[in-house]
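Colleague: A structural model of the following input is requested.
(one chain, ligands or ions: 1)
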Amino acid sequence: MEPLLLAGFQCNELNDVLSRLHFKLHYINSYDKQQIPTDCALCLIDLRKGSIINEVNYLVRELDPRVHIIVLINKPQLDNAEITTFIAQFAWDFCTSPIDPERLAKCLGHGMGLAKLKQQHQSTEPDFPCNDPEQPIIQSAVMQQLFRQVERVAPTDIPVLIRGESGTGKELVATTLHQQSTRKDGPFITVNCGAMAAGLVQSELFGHEKGAFTGATSSRKGKIALADGGTLFLDEIGDLPAELQVNLLRFLQEGLFDTVGGGTPQSSDVRILAATHVNLENAIDQGQFRLDLYYRLNGITIETPRLKDRRDDIIGLANRFIRVYSNEYGLATKPLSQSASHALLNYPWPGNVRELINRVRRAVVLSDTQQISAQNLELASIDKKRHIALSLKTLKDTAEKQALQQAILIADGQVELAASYLDISRATFYRLMDKHGLQLT
Ligand SMILES: Nc1ncnc2c1ncn2[C@@H]1O[C@H](COP(=O)(O)OP(=O)(O)OP(=O)(O)O)[C@@H](O)[C@H]1O
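Modeller: Below is the predicted model of the structure:
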């Protein structure tokens with residue numbers, strides 16, 4: 001029987017549902033590591049009293065990152081930023097009061113089954129589902145959804161605008177669109193509109209004839225002509241100079257373009273994909289990007305999410321890159337330590353997947369123990385800082401709660417008097433009682 005970890009339970013209301021499930025119930029009331037069964041795959045946390053949020057923040061850090069967490073809350077708590085942040089960061093699912101026993105039972109059964117499957121699979125294969133180093137890691141629901149969209153759009157010739165922060169995988173999406181299209185045997189040509197020298201952009205994109213300018217000793221094909229029969233990927237499209245925006249627009253409208261110094265319009269059969277990390281609508285408002293070009297490029301939009309918004313991909317990606325760089329440098333492939341996994345999952349990743357790659361590559365080279373540690377990833381101090389901040393907050397909250405309890409006791413349950421002992425108003429006293437889930441007995 002699998003242990004179901006239950007945290008924060010203070011009432012018997014759910015005993016019926018829980019007894020129907022064939023799990024070994026394991027209640028914990030303090031949040032230290034010793035109490036957590038090592039083989040638990042599912043954890044149900046009752047946050048309806050709200051006051052244990054700091055403690056459960058500790059708890060989840062002690063859990064194996066593959067443990068599924070299900071949270072119970074009251075509907076109004078959806079307005080509480082601390083609680084919604086916790087749910088967004090850690091929960092696999094949540095149920096709101098009044099709890100529907102059928103829904104909860106299904107949720108627990110499903111959560112346990114899936115978590116067990118993941119644990120079994122990942123213990124033999126760290127970066128399920130994708131073992132092939134050429135294939136993207138798509139374990140999060142949001143990336144699975146994105147790649148389903150890619151699959152549907154790829155076989156069409158509709159232009160696609162890929163938007164997302166730097167390092168989120170825009171180029172990866174573009175290459176996948178090409179590989180899954182009918183043009184896959186044709187060329188895939190990338191133009192980085194931000195990286196081309198201003199004077200050469202025109203010739204890079206459209207090509208030039210012999211003698212078109214000083215130094216043009218022979219004629220040369222541009223990227224548009226080179227992409228004939230395949231895909232042209234215009235990266236950082238927001239950086240394309242205004243003059244070239246006009247020429248590109250003409251090509252997109254008429255299929256024709258002029259080489260530099262050439263007299264006869266040329267044609268090329270290409271599918272256009274474009275990517276941007278800047279907000280093109282703002283660029284349009286500021287007169288830096290043409291609205292008509294925007295419409296031409298934006299047949300379909302695909303948004304690549306930030307890494308911090310797809311936590312389920314982080315461990316799979318890290319394992320992938322550990323393997324890639326261990327092979328590249330001829331080193332043993334090491335697993336991530338528990339603290340390294342937690343640090344990876346808690347870090348905000350401003351540089352997205354590219355930053356993850358850099359940290360893992362460094363860690364692979366620097367690690368001199370059996371496992372890759374948070375220190376090797378240069379995330380140890382960040383993790384510690386969070387611990388200190390959390391413990392300070394927990395200490396403050398605990399002291400506050402104790403002071404309230406003592407004041408109620410000494411004042412014999414008279415709120416006015418208890419509030420005056422603590423030098424706070426009656427309203428504040430009630431608010432704090434609510435925060436800590438205290439009641440007058
Ligand atoms: N899901 C994924 N699976 C495997 N590798 C990934 C994934 N997403 C991104 N990467 C890798 O991360 C790196 C950065 O991705 P990519 O270059 O596609 O990002 P980008 O959004 O185009 O970045 P930029 O805007 O800086 O050009 C690449 O090496 C890419 O292969």
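
Colleague: Spit out the contact partners of F257.
Modeller: The neighbours of F257, taking C-beta atoms under 8 Å, 6 or more residues apart in numbering as the test, are 206, 222, 224, 247, 250-251, 265-268. C-beta here means a position set from N, CA and C on the backbone, and glycine is covered the same way.

Colleague: Kindly report the domain assignment for the chain.
Modeller: 3-124, 141-303, 311-378, 381-435 (automatic domain parsing).

Colleague: CSV please, covering those domains and showing distance to the ligand.
Modeller: What follows is the domains of the chain, written out as CSV (distance: least, C-beta to the nearest ligand atom, whole Å):
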stretch, distance to the ligand
domain 3-124, 16
domain 141-303, 3
domain 311-378, 4
domain 381-435, 21
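
Colleague: Make CSV from these and add mean pLDDT to it.
Modeller: Output for the domains of the chain, formatted as CSV (pLDDT from 0 to 100):
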stretch, mean pLDDT
domain 3-124, 78
domain 141-303, 90
domain 311-378, 91
domain 381-435, 79
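
Colleague: any chance of the ones you listed in CSV, with distance to Q135 too?
Modeller: Below are the domains of the chain laid out as CSV (distance: least, C-beta to C-beta, whole Å):
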stretch, distance to Q135
domain 3-124, 16
domain 141-303, 9
domain 311-378, 9
domain 381-435, 30
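
Colleague: Is it possible to mark the buried ones in the contacts of F257?
Modeller: Burial by neighbour count, 16 or more other C-beta atoms under 10 Å: within the contacts of F257 this picks out 206, 222, 224, 247, 251, 266, 268.

Colleague: Show me the contacts of F257 that map onto strands.
Modeller: 266-267 (DSSP state E).

Colleague: Need the phi and psi values for L379.
Modeller: Main-chain torsions, L379, degrees, to the nearest 10: phi -120, psi 0.

Colleague: Against the ligand, how distant is it?
Modeller: Distance from L379 to the ligand, counting by C-beta to the nearest ligand atom, to the nearest Å: 18 Å.

Colleague: ditto for P305
Modeller: 10 Å.

Colleague: Skipping adjacent residues, who's closest to that residue in space?
Modeller: Spatial nearest neighbour of P305, excluding adjacent residues (C-beta to C-beta, 6 or more residues apart in numbering): V142 at 5.3 Å.

Colleague: distance between the ends of stretch 416-433?
Modeller: Stretch 416-433 stretches 13 Å from its first residue to its last (C-alpha to C-alpha, to the nearest Å).

Colleague: Count the neighbours of the spatially closest residue to A195 that is not a sequence neighbour for me.
Modeller: Nearest residue to A195, sequence neighbours excluded (C-beta to C-beta, 6+ apart): E236, at 7.5 Å. Using other C-beta atoms under 10 Å, E236 has 19 neighbouring residues.

Colleague: Please verify my assumption that E236 contacts V191.
Modeller: No. Applying C-beta atoms under 8 Å as the test, E236 and V191 come out as separate, 9.0 Å apart.

Colleague: before we move on, what SS does I315 have?
Modeller: helix (DSSP: H, G, I helix; E, B strand; the rest coil).

Colleague: quick one on the thing from earlier: which one of the contacts of F257 is nearest L297?
Modeller: For these, the residue nearest L297 by C-beta to C-beta is F251; the value is 11.6 Å.

Colleague: I'd assumed I224 was in contact with the closest one.
Modeller: Yes. With contact defined as C-beta under 8 Å, F251 counts as touching I224 (6.5 Å).

Colleague: anything in contact with each of the two?
Modeller: Here F251 and I224 have 257, 268 as joint contacts, going by C-beta under 8 Å, 6+ apart.

Colleague: Next up, the contacts around K184.
Modeller: Contacts of K184 (C-beta under 8 Å, 6+ apart): H178.

Colleague: what about it, is that helix, strand or coil?
Modeller: Reduced to three states by three-state DSSP, K184 is coil.

Colleague: And it, how far from R20?
Modeller: According to C-beta to C-beta, to the nearest Å, K184 and R20 sit 52 Å apart.

Colleague: Let me see the contact set for G262.
Modeller: G262 touches 207-209, 212, counting by C-beta under 8 Å, 6+ apart.

Colleague: and which of the residues you listed is nearest to K308?
Modeller: Using C-beta to C-beta, these come closest to K308 at G207, 42.0 Å.

Colleague: show me the contacts for the closest one.
Modeller: Neighbour list for G207: 219-222, 224-225, 259-260, 262, 266 [criterion: C-beta under 8 Å, 6+ apart].

Colleague: Check L234 too.
Modeller: Counting by C-beta under 8 Å, 6+ apart, L234 makes contact with 191, 193, 240, 248, 272-275, 297.

Colleague: Check L63 too.
Modeller: Residues in contact with L63 (C-beta under 8 Å, 6+ apart) are 5, 36, 40, 43, 69.

Colleague: among the residues you listed, which are in strands?
Modeller: 5, 43, 69.

Colleague: Who wins on neighbours among the residues you listed?
Modeller: Busiest of these [other C-beta under 10 Å] is C43, holding 28 neighbours.

Colleague: excluding its backbone neighbours, what's nearest it?
Modeller: Nearest to C43 is L5, by C-beta to C-beta, 6+ apart, at 4.1 Å.

Colleague: does that neighbour have beta-bridge partners, and which?
Modeller: When assigned by DSSP bridges, L5 has beta-bridge partners H26, C43.

Colleague: hmm, who's touching stretch 21-32?
Modeller: If you take C-beta under 8 Å, 6+ apart as the criterion, stretch 21-32 is touched by 1-7, 9, 18, 35-37, 40, 42, 55-56, 58-59, 62, 105, 108-109, 112.

Colleague: Filter these down to the buried ones and express that as a ChimeraX selection.
Modeller: Selecting only the buried entries of the contacts of stretch 21-32 in ChimeraX, with 16+ other C-beta under 10 Å as the criterion:
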select :2,3,4,5,6,7,9,18,36,40,42,55,56,58,59,105,108,112
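
Colleague: Identify the residues contacting H68.
Modeller: 41-43, 92-93, 111-112, 114-115.

Colleague: Need the residues you listed in TSV (columns: distance to K75).
Modeller: Listed next are these as TSV, based on distance: C-beta to C-beta, whole Å:
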residue	distance to K75
A41	28
L42	23
C43	22
W92	19
D93	15
G111	21
M112	25
L114	26
A115	26
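
Colleague: among those residues, which are in helices?
Modeller: 111-112, 114-115 (DSSP state H).

Colleague: Pull out the buried members of the residues you listed.
Modeller: The buried subset of the ones in helices among the contacts of H68 (16+ other C-beta under 10 Å) comprises 111-112, 115.
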